[in-house]
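Asks: Okay, structure incoming, though there's no sequence with it:
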């Protein structure tokens, strides 16, 4: 691979690219977190390309997510960026970048700009990066972030990536950060001779594939199972698939609960190994996984979003608690709570109120724990304040079944 031949290029390639801005005292924000992220999450899993590792160390990942997620920006997981899209797990960004086998001066096309983070990493290695995003709001935000951080060499366009960027073709490398049912033909046509294309491919089951164009022919290899958001637009129209969409869309975008808040929720609810914890809208499964890993509690998570449910299952396997944690792809309003001893919520107040008929079926003594959003008209039996790193605070609330109603409580939440 190119990674073993390119140490002499590293200094020149990086000197041409912008570095993370330092403060007046020379302090670079989150530099230690990025170095630890590279060492523990990326190098430890076998990524060796020195240019890729250097790029990940230098690109300020936290700048590509909202400030409320800075604390989690270097964790081993994706994060939401709006529009039901995510910034990919750091390891996946590094692994896919290494698979492209980039050479100096290669022309790279990215399908799915998202936050702009992947494009910035690519731009640390080659100056010729073209990136397309179907959601114009994301493209505008990414464009502003890239410009602010000095990545003016990245060209972005708001358009459906299905047809690629023909006027700039051919491309030496193409990377897709969303999963089509199959690789669009126009992208294969725009791949240069000897070019490499990396993409997650599939619908309910996805594989990361690498395609090479050799003497005009396409050679494909499957690398590993993955979970990416689906590619939208023309890619979905070309491959209609009945029954793949849930009966209705998720009620809210996934927003991860900070790990510190998760721990306080479990502490306030007095969760033990004897409990069965239900998480309604479990997202990436972190509440259940923490409960299982710390005290041995069993858990059932319910998530209507297929890709989030799959991610939660993989996270439970990674944490070696899949024997304790079950994830169901299911509408939370259809869940029978009568067997739960603890119910975890992080939903908007109007959704919490809709869950009252189900919460009424909890057996006496069962606990309901939530953070930041209460249940209008139902005062908690206990609450606590959790300070955050940025000076903000989260509120954690606990109710014990049967819930008691009091007029106007939480009416202003």
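Replies: Perfect, I can see it now. In this text, all values refer to a predicted model and were calculated from it rather than measured experimentally.
Asks: After the one helix or strand residue 261 maps to, which helix or strand is next?
Replies: Here residue 261 sits within helix 259-268, counting by DSSP states H and E. Of the helices and strands lying after helix 259-268 in sequence (DSSP H and E), the nearest is strand 276-280.
Asks: Given that following strand, what are its sheet partners and their directions?
Replies: strand 298-303 (parallel), strand 342-345 (parallel) (DSSP bridges).
Asks: for the ones you listed, which one sits closest to residue 199?
Replies: strand 298-303 (25.0 Å; Cβ to Cβ). Using the backbone N, CA and C atoms, a C-beta is placed for each residue, glycine as well.
Asks: Using neighbour counts, pick out the buried residues of stretch 304-324.
Replies: Neighbour-count burial for stretch 304-324 flags 304-316, 319, 321-322, 324 (criterion: 16 or more other Cβ atoms under 10 Å).
Asks: Over to stretch 398-406?
Replies: 398-401, 403.
Asks: Mind checking which of these are in strands?
Replies: Under the assignment DSSP state E, the buried residues of stretch 398-406 contribute 398-400 to strands.
Asks: related to what we said a few turns ago, what about the helix holding residue 261, distance to the chain center?
Replies: 21 Å (Cα atoms, centre = their mean, to the nearest Å).
Asks: Likewise for stretch 130-145?
Replies: Worked out by Cα atoms, centre = their mean, stretch 130-145 lies 17 Å from the chain centre.
Asks: before we move on, what about stretch 335-352?
Replies: 24 Å.
Asks: which residues sit in contact with residue 162?
Replies: By Cβ atoms under 8 Å, 6 or more residues apart in numbering, the contact list for residue 162 reads 180, 184, 186-187, 231, 233-235, 238.
Asks: And residue 62, by the same measure?
Replies: Taking Cβ under 8 Å, 6+ apart as the criterion, residue 62 is in contact with 29-30, 69-70, 73-74.
Asks: Which of these ranks first by neighbour count?
Replies: residue 73 (22 neighbours; other Cβ atoms under 10 Å).
Asks: What number of residues are in the vicinity of the residue nearest to residue 344 when sequence neighbours are not counted?
Replies: Spatial nearest neighbour of residue 344, chain neighbours left out: residue 279 (4.5 Å); criterion: Cβ to Cβ, 6 or more residues apart in numbering. Residue 279 has 28 neighbours, counted by other Cβ under 10 Å.
Asks: Same check on the one 10 residues further on?
Replies: Other residues within reach of residue 289, judged by other Cβ under 10 Å, total 25.
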